[in-house]
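Student: Compute the structure for the input listed below.
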Amino acid sequence: MFKRLHPETDDEITFDFEGTSISARPGDSVAAALLVANIDTFRETPVRGHPRGPFCMMGACFDCLMVIDGEANQQACQILVSDGIKVARQLGAAKIINDSETDDEL
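Tutor: Below is the predicted model of the structure:
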């Protein structure tokens, strides 16, 4: 279903997905790398907990929201994978932090 647009390469990078090391190629989005690794559930809906995964792969549908390097609500289809990043599913609603909150209040 998906075809890589960049040329074949032996270059490989790895990143952490919920404690599992995932291999990817430079230039892959986080979403593409996870789909290649047969991971297709990226988040759960906030109200009913239904699984969601990438749909459009171009940043329009927001079904690929994940926690990337500790930041929730990141569009995995829009972020290029980099060596050593930490990625996790987004389960339920993400906490919204306003500018007036400090780390001590969280």
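Student: tell me the SS of residue 23?
Tutor: The local conformation at residue 23, judged by DSSP: H, G, I helix; E, B strand; the rest coil, is strand.
Student: State the distance from it to residue 15.
Tutor: Look at residue 23 and residue 15: by Cβ to Cβ, to the nearest Å, they are 9 Å apart. Every C-beta, even on glycine, is put in place using the N, C-alpha and C of the backbone.
Student: can you check residue 41 too?
Tutor: 17 Å.
Student: Have a look at the two and say which one is more surrounded.
Tutor: residue 15 (22 against 11; other Cβ atoms under 10 Å).
Student: Identify the residue spatially nearest to that one, adjacent ones excluded.
Tutor: With sequence-adjacent residues excluded and distances taken as Cβ to Cβ, 6 or more residues apart in numbering, residue 15 is closest to residue 85, at 4.6 Å.
Student: what sits against that neighbour?
Tutor: Going by Cβ atoms under 8 Å, 6 or more residues apart in numbering, residue 85 touches 15-16, 30, 68-69.
Student: Next: residue 87.
Tutor: 15-18, 22, 30, 34, 66-68, 76.
Student: any common contacting residues for residue 23 and residue 15?
Tutor: Common neighbours of residue 23 and residue 15 (Cβ under 8 Å, 6+ apart) are residue 33.
Student: quick one, what contacts the residue most central in space within the chain?
Tutor: Nearest residue to the geometric centre of the chain (Cα atoms, centre = their mean): residue 76, 3.6 Å. Residue 76 makes contact with 29-31, 34, 42, 54, 64-66, 68, 87, according to Cβ under 8 Å, 6+ apart.
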